[in-house]
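> coords below, sequence missing:
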């Protein structure tokens, strides 16, 4: 959820709660004030009525609320002495202007007693009240309108604020998303006066610097280690080659030398592959030129022909279109060569390799003894489907690194008992 | 033929010397920048193997000096650094070739022969051994004067062996040279055997005086019978 929406969610909920609470309290206070007001009025009327009644020699009982809004009833002295001023809410049938028929409506009634010339009377005075339901209804609507207006203003203010205050953050975020370690030259920056944002930028740039240092060190280490290994490996291989020329070795001795030599060659290949990976990641190959992949594929198939013949594997090359890509020629060669060699070396006797090139992609499908490989792991360094394989386990990692460098997409699928590698350019 | 090996790593220097002496070259060595400069200013060499990273200076500076003396065209750079920039710079300074360590002895022999042949410029572009002649311009094989058809791979293989007469050529070296460099896979190289067998059949059928000698597990030698 976006920051703007989240803020809105919390603000509107809390505003709703605050307004609800506030209007309840307001309602209660208002009711109290109204009652006080009415009671005062009743008290006032009481005095006026008693004064009016007392002006006559006798008080005529009036048992119904009539025009006068009061009734008088004679009572005994005992009753009168027990009497206090009592305010009560009662319901009476009344007909307002807008009512077609009389309706039960709340009224406030004061019941009191007074004495006149030795007689005691009970006096009840009524005063109409504001209908509470009307009050609540009105109050509810005003509160609702207030709430809606508040939320609208919050949205507007929020939006304006976000645009002004948070825009550095959003731009920073955008830069950070596009940031790639070792690929982007400068870290994300933010033009702001807000302290928190400044702190964030400082923290992020420190983090990036540390990461870059580590990344650089790691890259340098692999590169240096591989370089340093070249000369000892050269000595080893060349010494063995010279030694193997010595006459008079038995077959067994000769085979042992061959084994050591082959192992050393494996080391060389491994080392070269690591160097190649480092170079690709360091972008040391950027002599881009237009390459026609179709030609590259047929040349590579040609190169592999003897091996394919020996393994009894057939190549089928289908050209659906011309694939012309701008990239470094040696890297283009590596992509095609590694994919085709893989397809050949992991094949079975009598199997086949189907290569398809269209104007957008290169697809290599091969039969194999192995069942489907683990989709993502296939491209990781030193992944081997078969532990006895003498490959470096770096071939596909190299292809993937090249694809990453140029933004090509490589994928692996397994269909109809065939391993399929596809590069979309 | 006189060859100078400029290489700081003692072991490698000695192996190169041993191998080059087998090829009947006169070999001199230099182990650092100063001694290398001294040697090239005093003597003439038919071929110079030059390591780029040297104690006391950069091999490219030596190349620069050689270029000024117009003697840089017979230099083969041998470097542990497979860097395109170095390669381009070296070739720009007139070096003939660039070989990345580690390399096969057979490959070095082939490259040296190529440099020496270019230097001779006597118009003869053939490799000979016994009664066979490999014509590099026409890309054809003559055995006892009769032309024998070869396919492209067979020609390349024989060419490589003729640049390494009587020397052991390992299967790895041959595979790299003939079937391409960027082999990531080390599947078995037995397919080479069938290629050698085909060549051998042609030798036998045409009474060639040369033959392949197998060295168990490692590779083959082309020898005169």
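Perfect, thanks for sending it. Everything numeric here is computed off the predicted structure, so don't read it as measured data.
> Residue of the stretch 1-150 of chain A closest to chain B, please.
With Cβ to the nearest Cβ, the shortest gap between the stretch 1-150 of chain A and chain B falls at residue A:2, namely 47.8 Å. Just so you know, the C-beta spots here come from the backbone N, C-alpha and C atoms, and that holds for glycine as well.
> quick one: that residue from residue A:159, how far?
Distance of residue A:2 to residue A:159, computed by Cβ to Cβ, to the nearest Å: 11 Å.
> just residue B:8 next, same as before
Counting by Cβ to Cβ - residue B:8 and residue A:159 are separated by 70 Å.
> before we move on, what about residue B:2?
85 Å.
> Settle it for me: which of residue B:8 and residue A:159 has more neighbours?
residue B:8 (18 against 12; other Cβ atoms under 10 Å in any protein chain shown).
> Pairing partners for the nearest residue to residue B:142 once chain neighbours are set aside in the sheet, please.
Spatially, and ignoring its direct neighbours in sequence, residue B:142 is nearest to residue B:133 (4.4 Å; Cβ to Cβ, 6 or more residues apart in numbering or on different chains). Counting by DSSP bridges, residue B:133 is bridged to residue B:128, residue B:142.
> Residue B:133 contacts residue B:124, doesn't it?
No. Residue B:133 is beyond contact range of residue B:124, at 10.4 Å (criterion: Cβ atoms under 8 Å).
> which of those two has more neighbours?
Neighbour comparison, residue B:133 and residue B:124: the larger count goes to residue B:133, with 17 against 12 (by other Cβ under 10 Å).
> so what's the more buried one scoring on pLDDT?
Note on residue B:133: pLDDT of 92.
> With residue B:126 instead?
The model reports residue B:126 with a pLDDT of 87.
> In contact with the residue of the stretch 1-150 of chain A closest to chain B: list those residues for me.
Residues in contact with residue A:2 (Cβ atoms under 8 Å, 6 or more residues apart in numbering or on different chains): none are found.
> hmm, 10 Å instead?
Counting by Cβ atoms under 10 Å, 6 or more residues apart in numbering or on different chains, residue A:2 touches A:8, A:162.
> can you tell me how far it sits from residue B:11?
66 Å.
> One more: residue B:120?
Between residue B:120 and residue B:11 the distance is 32 Å, computed by Cβ to Cβ.
> Residue A:354: neighbouring residues, count only.
For residue A:354, using other Cβ under 10 Å, the count is 17.
> tell me which element it falls in.
For residue A:354, the element it lies in under DSSP states H and E is strand A:352-357.
> Give the next helix or strand downstream of that strand.
strand A:361-367.
> residue at max distance from the center of chain A?
Most distant residue from the mean C-alpha position of chain A: residue A:57, 89.1 Å away (Cα atoms, centre = their mean).
> and the closest residue to that one other than its chain neighbours, what does it touch?
The spatial neighbour of residue A:57 that comes closest, neighbours along the chain excluded (Cβ to Cβ, 6+ apart), is residue A:117 at 7.4 Å. Counting by Cβ under 10 Å, 6+ apart, residue A:117 touches A:54, A:57, A:58, A:59.
> What of residue A:309?
Here residue A:309 is in contact with B:191, B:194 (Cβ under 10 Å, 6+ apart).
> Any part of the helix or strand of chain B with the lowest mean pLDDT near chain A?
Within chain B, confidence by mean pLDDT, DSSP states H and E is lowest for helix B:84-92 among all helices and strands, at a mean of 78. Yes. With Cβ under 10 Å from any Cβ of the partner chain as the criterion, chain A is reached by helix B:84-92 at B:84, B:85, B:88.
> and residue 206, how many neighbours?
Because you didn't say which chain, this covers chain A. Close neighbours of residue A:206, defined as other Cβ under 10 Å, add up to 11.
> wait, chain B
Neighbour count of residue B:206, defined by other Cβ under 10 Å: 15.
> wait, isn't it in contact with residue B:143?
Yes. Using Cβ atoms under 10 Å, residue B:206 is in contact with residue B:143, at 4.1 Å.
> who touches both of these two?
Listed as contacting both residue B:206 and residue B:143 by Cβ under 10 Å, 6+ apart are B:131, B:132.
> what's the closest non-adjacent residue to residue A:208?
Setting aside the residues directly before and after it, residue A:208 is nearest to residue A:187 in space (Cβ to Cβ, 6+ apart), at 4.6 Å.
> what does residue A:233 give?
Among residues not flanking residue A:233 along the chain, residue B:102 sits closest, at 4.6 Å (Cβ to Cβ, 6+ apart).
> Put together CSV for the contacts of residue A:117, with secondary structure and pLDDT on each row.
Shown next, in CSV, are those (DSSP: H, G, I helix; E, B strand; the rest coil; pLDDT from 0 to 100):
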residue, secondary structure, pLDDT
A:54, helix, 80
A:57, coil, 74
A:58, coil, 73
A:59, coil, 72
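> By neighbours, which of these wins?
Neighbour-wise, the contacts of residue A:117 (other Cβ under 10 Å) top out at residue A:59, 18 neighbours.
> so it makes contact with residue A:74?
Yes. With contact defined as Cβ under 10 Å, residue A:59 reaches residue A:74; the gap is 7.6 Å.
> Ramachandran coordinates for the closest residue to residue A:105 other than its chain neighbours?
What sits nearest to residue A:105 in space, not counting adjacent residues and going by Cβ to Cβ, 6+ apart, is residue A:94, at 4.7 Å. Per-residue torsions, residue A:94: phi -140, psi 150 (degrees, to the nearest 10).
> Next: residue B:103.
The phi/psi pair for residue B:103 (degrees, to the nearest 10) is phi -130, psi 170.
> again with residue B:168
The phi/psi pair for residue B:168 (degrees, to the nearest 10) is phi -80, psi 130.
> and what of residue A:346?
With angles defined as degrees, to the nearest 10, residue A:346 sits at phi -100, psi 20.
> tell me the contacts of the closest residue to it other than its chain neighbours?
Closest residue to residue A:346 apart from its sequence neighbours, by Cβ to Cβ, 6+ apart: residue A:368 at 5.0 Å. Counting by Cβ under 10 Å, 6+ apart, residue A:368 touches A:342-343, A:345-348, A:351, A:385-386, A:414, A:417-419.
> rewinding a little: looking at the residues of helix B:84-92 next to chain A, which has the most residues close by?
Neighbour counts for the residues of helix B:84-92 next to chain A, by other Cβ under 10 Å, peak at residue B:84, which reaches 16 neighbours.
> the helices in the chain, which residues?
All of this refers to chain A. Ranges of helices in chain A, per DSSP state H, are A:3-54, A:77-82, A:132-165, A:167-178, A:195-244, A:251-281, A:293-311, A:329-345, A:395-406.
> Please refer instead to chain B.
B:10-22, B:33-42, B:59-68, B:84-92, B:105-120, B:152-163, B:171-179, B:191-205.
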